[in-house]
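# I would like to see how this sequence folds:
(2 chains)
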Amino acid sequence: MADLVLTTSVLEETKTQIENTLIKAGVNTVLLIDEAGNVVTVCGDKTCNLDTTSLAALAAANFGATSQIAKLIGEDDFLLLFHKGKKDSIHFARINTDLILVTIFGDNVSLGLLRLRVAQLVKTIEKAFGHK
Amino acid sequence: MALINLSKREIHCKIVYYGPGRCGKTTNLLYIYNAMNSRARSKMLTIETKGDRTLFFDLLPLNLGKINGFDVRIQLYTVPGQTTYKATRKLVLKGVDGLVFVADYLKVRHEKNIESLQDLHRNLLEHNLTLEEIPIILQFNKYDLVSTPIPTLTKEELETNLNRELKTKIFEAAATKGTGVFETLKEISKRTIHYVATKHLLTGH
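Coordinates of the predicted model:
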């Protein structure tokens, strides 16, 4: 697992893409994290009361734990995870092997739209981070 | 896996406290959490099972100030020590930049100390890492029990069992009282930052 060195240009481009694809669609908060549980970037209006460090650590661990479930059913890993709450829900999508996109959204955003937008964004971020 | 954010000039490193069950890994973190200024530390995250055993991990994020204009942020993790939680330990080791192996002075924990170090070796190998490349230091915890009637190991025994191949720095500690806790943290932080900085920042990145 190589270390991740983030340059300003990659980070700015990623933030702009997240803003345009998800935040403008009504999503509350988006976190881009790495598999070790570090926060790469946070976007959205409702981030000040959010413990992003803990969220990132638990999200990375959650992905790791569910990958063991994936193996039990003959998959290498799950590509996305989704937890539905009463008001807010959370969606996790894997971006290649190193990054995870965490999206927190209310019931004003449909899951179908979110999945479509996340799928687009995953490709864009992969490109920005130089993944093939 | 360190994260170096050149835009915000931040370095994030992950240090894992490893060791057998009940050796005092969480106690180390709790002492640091209680002793540190609230500006330098964030909220401590801990997921515990019934009683006082760690189920998943504990996490304590710390800010260590600036080095070369970079804000250094360290995340301290513990692993569940019990043998059955091997998969969780492997998970927490993902992206580790520095290690503290906490060994137990209690005589009854003799085998568990050795087993845990062997388990660490195996789990690191599964992440394609070895103890030769990752900074590691040893902490012999519960040093305060040596002077009590409770049967304990000697420092020499612990050294022979655990440090024969590692040949790393050792700290004796009594984590409940805080003895040796910050000395351990200081040393591993220094070595971890040096390890990460040498790889990236000092090579012209």
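# got any ranges where the chain has weak pLDDT?
In the absence of a named chain, chain A is used. By pLDDT under 70, the low-scoring segments of chain A are A:1, A:131-132.
# Chain B is the one I meant
In chain B (pLDDT under 70), the answer is B:47-55, B:201-205.
# The residue in it that chain A sits nearest to: neighbouring residues, count only.
Residue of chain B nearest chain A, by CB to the nearest CB: B:Gly95 (2.6 Å). Using the backbone N, CA and C atoms, a C-beta is placed for each residue, glycine as well. If you count neighbours by other CB atoms under 10 Å in any protein chain shown, B:Gly95 ends up with 27.
# nearest residue to residue 120 other than its sequence neighbours?
Just so you know, I chose chain A. Leaving out its chain neighbours, the residue that sits closest to A:Gln120 by CB to CB, 6 or more residues apart in numbering or on different chains is A:Thr21, at 6.0 Å.
# ah, no, chain B please
B:Tyr18 (5.2 Å).
# The one you found is in contact with B:Gln118, isn't it?
No: counting by CB atoms under 8 Å, B:Tyr18 stays clear of B:Gln118, with 11.6 Å between them.
# Which of these two has more residues huddled nearby?
Taking other CB under 10 Å, B:Tyr18 and B:Gln118 do not tie; B:Tyr18 has more neighbours (26 against 10).
# Strands of the chain, start to end?
Defaulting to chain A. A:4-6, A:29-34, A:39-44, A:80-83, A:88-95, A:99-106 (DSSP state E).
# looking at chain B here, not the other one
Residue ranges of the strands in chain B, as given by DSSP E, are B:3-5, B:10-18, B:45-48, B:54-67, B:70-78, B:98-104, B:136-141, B:170-173.
# Using a markdown table, lay out those together with distance to B:Ile188.
Shown next, in a markdown table, are these (distance: least, CB to CB, whole Å):
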| stretch | distance to B:Ile188 |
| --- | --- |
| strand B:3-5 | 18 |
| strand B:10-18 | 6 |
| strand B:45-48 | 20 |
| strand B:54-67 | 11 |
| strand B:70-78 | 9 |
| strand B:98-104 | 5 |
| strand B:136-141 | 5 |
| strand B:170-173 | 9 |
